[in-house]
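K.L.:
pasting the structure only:
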């Protein structure tokens, strides 16, 4: 997945009910880094990928390497 797609995925997962500050505090990732990730300006480090995957209760593979439609099917219990 490219950095723009990763940014869209992270922003969508955070949704409108959580702030970047809340995710930052929960994950230990600096808010400015989260902003760059969500804006598609940077790709998360491997350590930050692990933190974000744990926060969103997903595997790193699901969060960063699976096309979004495939992830939705997996979460719904459907086929990949």
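P.N.:
Great, that's in hand. These numbers were taken from a predicted model, which means no experiment stands behind them. Residues are numbered from 1 along each chain as shown.
K.L.:
Can you get me a residue count around residue 55?
P.N.:
17 (other CB atoms under 10 Å). Placement of C-beta: from N, CA and C, glycine included.
K.L.:
from what I can see it touches residue 23, true?
P.N.:
Yes: under the criterion of CB atoms under 8 Å, residue 55 makes contact with residue 23 at 6.7 Å.
K.L.:
what touches both of the two?
P.N.:
Listed as contacting both residue 55 and residue 23 by CB atoms under 8 Å, 6 or more residues apart in numbering is no residue at all.
K.L.:
which residues are contacting the helix or strand where residue 33 lies?
P.N.:
Using DSSP states H and E, the element containing residue 33 is helix 31-38. Residues outside helix 31-38 that contact it (CB under 8 Å, 6+ apart): 6-7, 10-11, 14, 20-21, 23-24, 27, 42-44, 48.
K.L.:
Would you format these as TSV with neighbour count and distance to residue 66 included?
P.N.:
Output for these, formatted as TSV (neighbours: other CB atoms under 10 Å; distance: CB to CB, whole Å):
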residue	neighbour count	distance to residue 66
6	21	12
7	21	16
10	21	14
11	16	17
14	18	18
20	19	23
21	10	28
23	20	20
24	16	24
27	18	20
42	16	20
43	16	16
44	23	15
48	18	18
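K.L.:
quick one: which of those residues sit in helices?
P.N.:
In helices, judged by DSSP state H, the following of the contacts of helix 31-38 are found: 6, 7, 10, 11, 14, 20, 21, 23, 24, 27, 48.
K.L.:
Can you list phi and psi of the nearest residue in space to the second one that is not next to it in sequence for me?
P.N.:
When the adjacent residues along the chain are set aside, residue 7 lies closest to residue 40, with 3.5 Å between them (CB to CB, 6 or more residues apart in numbering). Taking degrees, to the nearest 10, you get phi 80, psi 20 for the backbone angles of residue 40.
K.L.:
What is the neighbour count of residue 65?
P.N.:
Residue 65: 13 neighbours (other CB under 10 Å).
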